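Asker: Requesting a structural model of the entry that follows:
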Amino acid sequence: MNQADNEIIRKEIFIECRPETLFSFFTDPEKLVRWMGRQVLLEPKIGGKYRIDVNGSDIAMGEYIEIVPYEKIVMTWGWEKSKVVPPGTSTVKFQLTPKENGTNLVLTHYDLPLEQIPSHQQGWAHYMPRIKQFAEGQNPGVDPWSVIPMH
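Answerer: Below you'll find the model as predicted:
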């Protein structure tokens, strides 16, 4: 990939839980839905599809393209009704690295059209603290975005 750094979204967060625990928040629909969306369908295997209904209108879809247990999850990403970022047109990588008493989580989102970077930056900035709270045993409550259409 020969993209400039500003065309890639990269978010890093330290979470006080083991990689094994954190990994399940990307592969278990009952856990994923607690930090993102209102309804989630997952097939966590290579080529398996996922569908995250964020708010009844915005629906993220794609498939798993790489899974390394407790270390890495790579999935294609897009939006069900979008002509700009349809399903499968961008890629999200979640890298989990053990660190001291927890896990360093690095999210990298590639292949987004330039005009889509700000809204996806905002989205990941919203969801990363939520996964941290849940993985550390807290309850941030219902996702406020799950009740309001974003577009």
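Asker: Quick one: the helices in the protein, in order.
Answerer: 19-27, 29-32, 117-135 (DSSP state H).
Asker: For the second one, buried residues please.
Answerer: Read that as helix 29-32. Using 16 or more other C-beta atoms under 10 Å as the test for burial, helix 29-32 gives 29, 31-32. Where you see a C-beta, it was placed from the backbone N, CA and C, and this is true even at glycine.
Asker: repeat for the last one
Answerer: Along helix 117-135, the positions that meet the burial threshold by neighbour count (16+ other C-beta under 10 Å) are 120, 123-124, 127-128, 130-135.
Asker: Kindly report the same for stretch 52-61.
Answerer: So stretch 52-61, judged by 16+ other C-beta under 10 Å, has buried residues 52-55, 58-61.
Asker: Filter those residues down to the ones in strands?
Answerer: Here DSSP state E is the test, and the buried residues of stretch 52-61 give 52-53, 59-61 as lying in strands.
Asker: farthest pair in those residues?
Answerer: The distance between the two most remote of these (C-beta to C-beta) is 9.6 Å, for Asp53 and Met61.
Asker: which residues are contacting stretch 111-131?
Answerer: Residues from elsewhere that reach stretch 111-131 (C-beta atoms under 8 Å, 6 or more residues apart in numbering): 1, 3, 6-7, 9, 11, 13, 15, 22, 25, 35-36, 84-85, 89-91, 105, 107, 109, 140, 143, 145, 150.
Asker: what's next to stretch 49-68, contact-wise?
Answerer: 27, 32, 36-48, 72-81, 87-88, 91-93, 145-151.
Asker: Could you identify the buried members of those?
Answerer: Counted by 16+ other C-beta under 10 Å, those give 27, 32, 36-37, 40, 42, 44, 72-79, 87-88, 91-93, 145-146 as buried.
Asker: Tell me which of those residues fall in strands.
Answerer: Short answer: the buried ones among the contacts of stretch 49-68 in strands (DSSP E) are 40, 42, 72-79, 91-93.
Asker: From these, pick the one nearest Lys99.
Answerer: Looking across those and measuring by C-beta to C-beta, the closest to Lys99 is Lys72, at 15.1 Å.
Asker: which ones are touching the closest one?
Answerer: Lys72 is in contact with 66, 93-96, counting by C-beta under 8 Å, 6+ apart.
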